[in-house]
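J.: test case, fold it:
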Amino acid sequence: MGQSNKLDNDYAQSTYAKVCSDHDEKQSKPVVASEDEEKKLSSLQKHVQFWDRDNDGIINPWDVYNGFRELGFGLFFSIGSLLIPIFFSYPTRLGHSWLPDPLFRIYVNDIHKAKHGSDTDIFDFDGNFSPERFEQKFQRFDTSGDGALTADDLWRLWAKDRCAADPAGWTFAFMEWWTTYVLLQEDGIRMLGGQNG
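T.: Numbers count the residues shown, from 1 in each chain. Here you go, the predicted structure:
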């Protein structure tokens, strides 16, 4: 069972390293966590730490806005990113209270509760990353075989992952993939660490 998470090839290893890297080039202010704290975090918690700059376990709406601005997104896109705390605050708040957070804060330790339907299942319900699932998605939808997803490939992936009667999940998944595409559009959706197009 220990072998089930073994990555089979260099492509998957570089992809996994790029996705789960704690040393993102765009992250100028690193998150400070002790080694013990780091080991306890799920992959999804590590993924959202970029926005938790003060490492207090809470992502405020202004953290989301500032993070998108730092990533190079424009004013209107960054304002639109404020939909994230509006929709994901309450699910993450449920670990603390039934009452909604009036400041729409996102609680990092319960980020797995914000997992929505119609997603890729790359993260499980506990927030753990599945490198096998990630690699399967790329192999399945990379029609050109060059290790990148085009806008058409992403459209097919999004359409295939839609669950019936889940318009909210469809919308969230579309916004996530569109944001990723815009962020990485210079190379398409290229998730390779060392390969150039």
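
J.: please make it C-alpha for all contacts and neighbour counts, starting now.
T.: Fine.

J.: who touches residue 157 in this structure?
T.: 137, 141 (C-alpha atoms under 8 Å, 6 or more residues apart in numbering).

J.: residue 108 versus the residue nearest in space to the middle of the chain, what's the distance?
T.: Nearest to the geometric centre of the chain sits residue 47, at 6.0 Å (C-alpha atoms, centre = their mean). Distance, residue 47 to residue 108, using C-alpha to C-alpha, to the nearest Å: 10 Å.

J.: hey, where'd the strands end up in this structure?
T.: 58-59, 106-107, 148-149, 189-190 (DSSP state E).

J.: rebuild the ones you listed as a markdown table, extending it with mean neighbour count and mean pLDDT.
T.: Shown next, in a markdown table, are the strands of the chain (neighbours: other C-alpha atoms under 10 Å; pLDDT from 0 to 100):
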| stretch | mean neighbour count | mean pLDDT |
| --- | --- | --- |
| strand 58-59 | 21 | 98 |
| strand 106-107 | 28 | 97 |
| strand 148-149 | 22 | 81 |
| strand 189-190 | 20 | 44 |
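
J.: for residue 137, which of the ones you listed is the nearest?
T.: strand 148-149 (10.0 Å; C-alpha to C-alpha).

J.: tell me which strands the closest one pairs with, and in which orientation.
T.: strand 189-190 (antiparallel) (DSSP bridges).

J.: count of residues packed around the spatially closest residue to residue 48 that is not a sequence neighbour?
T.: Among residues not flanking residue 48 along the chain, residue 108 sits closest, at 7.3 Å (C-alpha to C-alpha, 6 or more residues apart in numbering). Residue 108 has 26 neighbours, counted by other C-alpha atoms under 10 Å.

J.: tell me the contacts of residue 108?
T.: 45, 48, 49, 57, 58, 59, 92 are the contacts of residue 108 under C-alpha under 8 Å, 6+ apart.

J.: cutoff 6 Å now
T.: Residues in contact with residue 108 (C-alpha atoms under 6 Å, 6 or more residues apart in numbering) are 45, 57, 58.

J.: nearest residue to residue 89 other than its sequence neighbours?
T.: Nearest one to residue 89, counting by C-alpha to C-alpha, 6+ apart, is residue 106 at 4.6 Å.

J.: before we move on, the earlier item: tell me the pLDDT at the residue nearest to the centre of the chain?
T.: What the model reports for residue 47 is a pLDDT of 88.

J.: for residue 111, see how far away it is.
T.: Using C-alpha to C-alpha, residue 47 is found at 10 Å from residue 111.

J.: one step back: redo the strands of the chain as TSV? Include distance to residue 155.
T.: Below are these laid out as TSV (distance: least, C-alpha to C-alpha, whole Å):
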stretch	distance to residue 155
strand 58-59	30
strand 106-107	28
strand 148-149	10
strand 189-190	12
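
J.: tell me which of those sits nearest to residue 175.
T.: strand 189-190 (14.7 Å).

J.: which among the contacts of residue 108 gets closest to residue 127?
T.: Among the contacts of residue 108, residue 45 lies closest to residue 127 (C-alpha to C-alpha), at 7.1 Å.
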